[in-house]
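Asks: Sequence plus predicted model, see below.
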Amino acid sequence: MMNITIRPIKQSDAEACGKIGYLAHRTISSTHGYPSEQPSEEFGIDLVKRLIDNPNSWGFLAEEKPQGNILGSIVIHKFSPSPVAVIGPLTVHPSAEGSGIGRLLMDVALNKAHEQNLERIRLVQSPSHIRSFALYTKCGFILREPLFLMQKSSQQKEEDITTIPIHDRSIVVVRPVKYQNDISECNELCKKAHGFKREMELRQAKNQGIATLIEHDDIITGFAAGIGIFGYAVAKSNDDLIALITNTFTSIIGPGFFVPARNYKLIKWLLENGFKIGWPANLMTIGPYQESLMPFLPSIAY
């Protein structure tokens with residue numbers, strides 16, 4: 001039995017934790033033929049460094065004593081004023097798989113969420129990793145939405161994208177999120193869809209110049225806090241989501257964007273217009289959950 005200590009991550013741990021994250025993701029993805037979510041050690045290390053510096057994130061690692069070997073890590077985040085805690089990434093060195101380290105790390109992360117009075121907890125899981133699915137289920141997570149990461153293909157061109165025509169007589173505009181009233185109206189759409197606002201992420205996307213919205217006769221009917229793996233979107237219809245995606249085709253952020261697998265109309269349109277499925281994922285939750293009342297795109301967080 002290994003002697004394991006769980007403690008907060010420090011900046012001096014970033015390299016070791018980042019390398020383990022990269023190795024763990026590469027091991028899983030190569031086994032199943034998917035591209036890795038972490039394309040390099042440098043990516044994994046930079047990710048850990050940025051998360052440690054984030055005042056809205058808490059990181060913990062598992063350290064073997066007395067050797068001092070780091071065997072895994074976990075990060076939990078909050079996105080005020082959203083009442084949601086997000087867990088991820090949770091990574092364990094492949095040599096320590098099955099040792100119980102994942103459960104130790106998950107327990108400390110869940111305790112941190114409860115300490116912050118965050119009852120709604122979310123994560124996005126790789127379904128090819130059966131061990132992690134079993135762990136999350138034992139910890140109380142429920143599978144809510146199977147997802148697909150949709151990616152542009154190398155042959156795809158913007159001019160080949162077929163937009164779905166809007167058949168009403170309204171004036172339709174897709175434009176950047178600019179004003180406080182934009183934020184307020186987008187927040188209300190998000191609240192109707194999910195039961196709460198995701199204002200922090202929307203404001204960050206606005207400041208980065210990647211937040212967009214769609215209007216019908218000056219009424220906002222959808223918005224995106226960036227189209228990409230770290231962005232999310234909500235709209236009144238799939239046609240509005242498609243307009244947001246089409247408008248952002250040349251500036252999709254990261255390896256792609258997640259789409260709920262059950263949204264047949266949207267996935268069919270994406271496949272017919274040259275997008276491809278990169279890999280599957282699962283949105284899993286603990287605590288109160290409102291099934292979305294509108295079409296939406298989740299982020300890698302939730």
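Replies: Thanks, I have the structure now.

Asks: which ones are touching Ala233?
Replies: By C-beta atoms under 8 Å, 6 or more residues apart in numbering, the contact list for Ala233 reads Gly222, Phe223, Ala224, Ala225, Ile227, Leu241, Leu244, Phe296, Leu297. C-betas here are computed from N, CA, C, even on glycine.

Asks: By neighbours, which of those residues wins?
Replies: With neighbours set by other C-beta atoms under 10 Å, the maximum within those is found at Ala224, which has 30 neighbours.

Asks: Assess the claim that it and Ala211 are in contact.
Replies: Yes - at 6.8 Å, Ala224 counts as touching Ala211 under the criterion of C-beta atoms under 8 Å.

Asks: Would you mind pulling up the elements that the helix or strand hosting Ile121 packs against?
Replies: Taking DSSP states H and E as the definition, Ile121 sits inside strand 120-125. Here strand 120-125 touches strand 84-92, helix 130-138, strand 276-286, going by 3 or more C-beta pairs under 8 Å, 6 or more residues apart in numbering; DSSP states H and E.

Asks: Spatially nearest residue to Pro288, not counting backbone neighbours?
Replies: Spatially, and ignoring its direct neighbours in sequence, Pro288 is nearest to Arg120 (5.6 Å; C-beta to C-beta, 6 or more residues apart in numbering).

Asks: Tell me, how many residues neighbour that neighbour?
Replies: 20.

Asks: do Gln180 as well
Replies: When neighbours are defined as other C-beta under 10 Å, Gln180 has 7 of them.

Asks: Got the phi and psi for it?
Replies: For Gln180, the backbone dihedrals (degrees, to the nearest 10) come out as phi -60, psi -40.

Asks: just Gly231 next, same as before
Replies: phi -100, psi 170.

Asks: Surely it is in contact with Ile300?
Replies: No - contact criterion C-beta under 8 Å: Gly231 and Ile300 do not qualify, at 9.2 Å.

Asks: Settle it for me: which of these two has more neighbours?
Replies: Using other C-beta under 10 Å, the more surrounded residue of Gly231 and Ile300 is Gly231, with 26 against 22.

Asks: Tell me the one of the contacts of Ala233 nearest Leu266?
Replies: Lowest distance from Leu266 to those (C-beta to C-beta) belongs to Leu241, with 6.2 Å.

Asks: For the host helix or strand of the closest one, give me every contacting residue.
Replies: Leu241 belongs to helix 238-247 when assigned by DSSP H and E. Applying C-beta under 8 Å, 6+ apart, the set of residues contacting helix 238-247 from outside is 161, 163-164, 166, 172, 174, 212-214, 221-224, 227, 233, 235, 257, 263, 265-266, 269-270, 295-297.

Asks: Send me that helix as PDB with only the CA atoms.
Replies: Provided in PDB are the C-alpha atoms of helix 238-247 (Å, rounded to 0.1, in the frame of the first residue of the first chain):
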ATOM      1  CA  ASN A 238     -30.600  25.500 -34.300                       C
ATOM      2  CA  ASP A 239     -30.700  28.000 -37.200                       C
ATOM      3  CA  ASP A 240     -29.400  30.700 -34.800                       C
ATOM      4  CA  LEU A 241     -26.700  28.400 -33.600                       C
ATOM      5  CA  ILE A 242     -25.700  27.600 -37.200                       C
ATOM      6  CA  ALA A 243     -25.500  31.300 -38.000                       C
ATOM      7  CA  LEU A 244     -23.200  31.900 -35.000                       C
ATOM      8  CA  ILE A 245     -21.000  28.900 -36.100                       C
ATOM      9  CA  THR A 246     -20.900  30.100 -39.700                       C
ATOM     10  CA  ASN A 247     -20.000  33.600 -38.700                       C
END
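
Asks: what distance separates that helix from the centre of its chain?
Replies: 19 Å (C-alpha atoms, centre = their mean, to the nearest Å).

Asks: Following element in sequence after it, please.
Replies: Later in the chain than helix 238-247, the nearest helix or strand by DSSP H and E is strand 257-260.

Asks: Domain parsing of the chain, as residue ranges.
Replies: Domains of the chain are assigned by automatic domain parsing as 3-140, 150-279+286-297.

Asks: Okay then, goodbye and thanks.
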